[in-house]
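Trainee: No letters, just coordinates:
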């Protein structure tokens, strides 16, 4: 019993090590948003890479491209539920080296969610400022980069890196265990 408690304590301590991921990413997101509000609001777009990438200040009260604009409470609830779900998965994720990419990816997604959630709660809109002007792409921020890259990497990890049974601690992947035992 004592060794089990010690092992759980070691597992928790190993996961605490990864707290640097959300601390750095949320701080970077919030610092860049503070900069954007102070430097870009009320000014013309600033060219960063020719006419291809600009810093263009906007406040988004919806999702990408302003979809569902004005539904802040909806996004706060959905984002909070998503954060809780991902934190639960993080808590269930084994603390061994093979799962390090998964932990960092999930924490990146949580970080992006926290950054935008903070804006929605405190400002009633998300500060966006990075614009790809070559294509019709929504103006975004560092939190959006964390979310997008996190979900892309998560898909790659699930499809190419982990076997289904390695993810059986996630309820979505438990169905594979049932199918195998029925055969």
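Mentor: Nice, thanks for sending it over. Small disclaimer: the values here were computed from a predicted structure and weren't measured.

Trainee: Show residues contacting the strand or helix carrying residue 20.
Mentor: Taking DSSP states H and E as the criterion, residue 20 maps to helix 20-39. Contacts to helix 20-39, defined as CB atoms under 8 Å, 6 or more residues apart in numbering, come from residues 55, 57, 104, 107-108, 110-112, 114-115, 118-119, 127, 129, 141-143, 146. All C-beta spots, glycine's among them, are computed from the backbone N, C-alpha and C.

Trainee: Apply 7 Å and report the result again.
Mentor: If you take CB atoms under 7 Å, 6 or more residues apart in numbering as the criterion, helix 20-39 is touched by 55, 57, 104, 107-108, 110-111, 114-115, 118-119, 127, 129, 141-143, 146.

Trainee: Can you give me the neighbour number for the nearest residue to residue 65 once chain neighbours are set aside?
Mentor: Leaving out its chain neighbours, the residue that sits closest to residue 65 by CB to CB, 6 or more residues apart in numbering is residue 138, at 4.9 Å. Using other CB atoms under 10 Å, residue 138 has 17 neighbouring residues.

Trainee: Pretty sure residue 138 sits in a helix.
Mentor: No. According to DSSP: H, G, I helix; E, B strand; the rest coil, residue 138 belongs to no helix; its state is coil.

Trainee: That one contacts residue 67, correct?
Mentor: No. Residue 138 is not in contact with residue 67 according to CB atoms under 7 Å; the separation is 9.1 Å.

Trainee: what about the helices in the protein?
Mentor: Using DSSP state H, the helices of the chain run over 2-16, 20-39, 72-92, 100-123, 142-156, 171-182.

Trainee: Out of these, which gets nearest to residue 51?
Mentor: Across the helices of the chain, residue 51 has its closest neighbour in helix 20-39 (19.5 Å, CB to CB).

Trainee: What are the buried residues along the closest one?
Mentor: By 16 or more other CB atoms under 10 Å, the buried positions in helix 20-39 come out as 21-22, 25-26, 28-30, 32-33, 36.

Trainee: before we move on, what about stretch 149-169?
Mentor: Within stretch 149-169, the residues that count as buried by 16+ other CB under 10 Å are 150, 153-154, 157-158, 162, 164, 167.
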